[in-house]
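> following is a predicted model, sequence given first.
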Amino acid sequence: MSPDLYTNLLLIPAAFFALSFIIMTWRIVVGPNSMDRMLGLDGFVAMLQCALATYICWTLDTTVTNAMLVIALLGFIASVAVARFRKRDGS
């Protein structure tokens, strides 16, 4: 596969990730309650992991795999903490 074709094929998911990051950021900022914001944050973390995987495919550099692991663990811990200690909005 030619490098130009490979780069052009990886530009498509990169553009989708950029659009998805904008949409999720809007959900986090505008979300009507805390659970909508938490779902937006979970989606943001998942997309960040996918974007880092795309970066690994693009550059063939695997040094960011440790960062992916840390992001996954922090996202999981944040979700569990919110699920455990959340109170109803407005109370």
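Received, thanks.
> quick check: Trp58 touching Leu9?
No - with contacts counted by C-beta atoms under 8 Å, Trp58 stays clear of Leu9, the gap being 9.9 Å. Glycine gets a C-beta too; all of them are placed from N, C-alpha and C.
> these two: who's more crowded?
Trp58 (15 against 12; other C-beta atoms under 10 Å).
> for Pro3, see how far away that one is.
Trp58 is 11 Å from Pro3, where distance means C-beta to C-beta, to the nearest Å.
> residues contacting the spatially closest residue to Ala78 that is not a sequence neighbour?
Of all residues not flanking Ala78 in the chain, Leu41 sits nearest, at 6.9 Å (C-beta to C-beta, 6 or more residues apart in numbering). Contact analysis of Leu41 by C-beta atoms under 8 Å, 6 or more residues apart in numbering lists Ile28, Gly75, Ala78.
> so where's this protein uncertain?
89-91 (pLDDT under 70).
> and the helices in it?
For the chain, applying DSSP state H gives helices covering 3-30, 34-59, 65-85.
> single out the most deeply packed of those.
Greatest average neighbour count among those goes to helix 34-59 (a mean of 16), per mean count of other C-beta atoms under 10 Å.
> what's the distance between it and the middle of its chain?
Distance of helix 34-59 from the chain centroid (C-alpha atoms, centre = their mean, to the nearest Å) equals 1 Å.
> please apply the same query to stretch 73-87.
Relative to its parent chain, stretch 73-87 has a centroid offset of 16 Å by C-alpha atoms, centre = their mean.
> give me the contacts around it.
Ser34, Met35, Met38, Leu41, Asp42, Val45, Ala46.
> let's see that with 10 Å instead.
Residues from elsewhere that reach stretch 73-87 (C-beta atoms under 10 Å, 6 or more residues apart in numbering): 34-35, 37-39, 41-46, 48-49.
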